[in-house]
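Enquirer: This is a predicted model, with the sequence first.
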Amino acid sequence: VEAARLGIDSLSTALRDQVAGFYDEVNGQFSAVMGNIQHAYAELARGTDLFARNLEEADRTIAFGG
């Protein structure tokens with residue numbers, strides 16, 4: 001019985017370690033993907049802001065010329 005308990009404890013520890021390792025790997029990959037998405041949206045926001053400023057400048061140029 002004692003050997004069975006030790007075997008179960010050993011298996012339980014090994015499974016917990018595997019689950020923890022899997023969780024850490026998935027969590028790390030998810031964090032990397034979310035960081036890439038955040039970076040991409042920030043770049044999109046900067047591009048959109050620049051485009052809007054350029055349109056405003058074009059409008060001022062056209063209005064001034066007219």
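Expert: Thanks, I have it. What you see is a predicted model, and the numbers here were worked out from it, not measured in a lab.
Enquirer: Can you pull out the low-pLDDT segments for the protein?
Expert: 65-66 (pLDDT under 70).
Enquirer: Which parts of it are helices?
Expert: In the chain, the helices defined using DSSP state H lie at 2-65.
Enquirer: ok, now how distant is the residue most central in space within it from residue 19?
Expert: When CA atoms, centre = their mean is applied to the chain, the residue found nearest the centroid is residue 34 (1.0 Å). Plainly put, residue 34 is 22 Å away from residue 19 if you go by CB to CB, to the nearest Å. To be clear about C-beta, it is placed using only N, CA and C from the backbone, and glycine gets the same treatment.
Enquirer: Next: residue 3.
Expert: 24 Å.
Enquirer: Just want to know which of those two has more residues nearby.
Expert: residue 19 (10 against 7; other CB atoms under 10 Å).
Enquirer: and the gap between the more buried one and residue 63?
Expert: The value you get for residue 19 to residue 63, if CB to CB is used, is 65 Å.
Enquirer: How about residue 56?
Expert: 10 Å.
Enquirer: What of residue 52?
Expert: Counting by CB to CB, the gap from residue 52 to residue 63 is 16 Å.
Enquirer: what does residue 33 give?
Expert: Counting by CB to CB - residue 33 and residue 63 are separated by 45 Å.
Enquirer: how many neighbours does residue 18 have?
Expert: Neighbour tally, residue 18, other CB under 10 Å: 10.
Enquirer: again with residue 10
Expert: 10.
Enquirer: likewise residue 62?
Expert: 9.
Enquirer: Kindly report the same for residue 33.
Expert: 10.
Enquirer: How about residue 61?
Expert: 10.
Enquirer: for residue 31, same thing?
Expert: Neighbours of residue 31 (other CB under 10 Å): 10.
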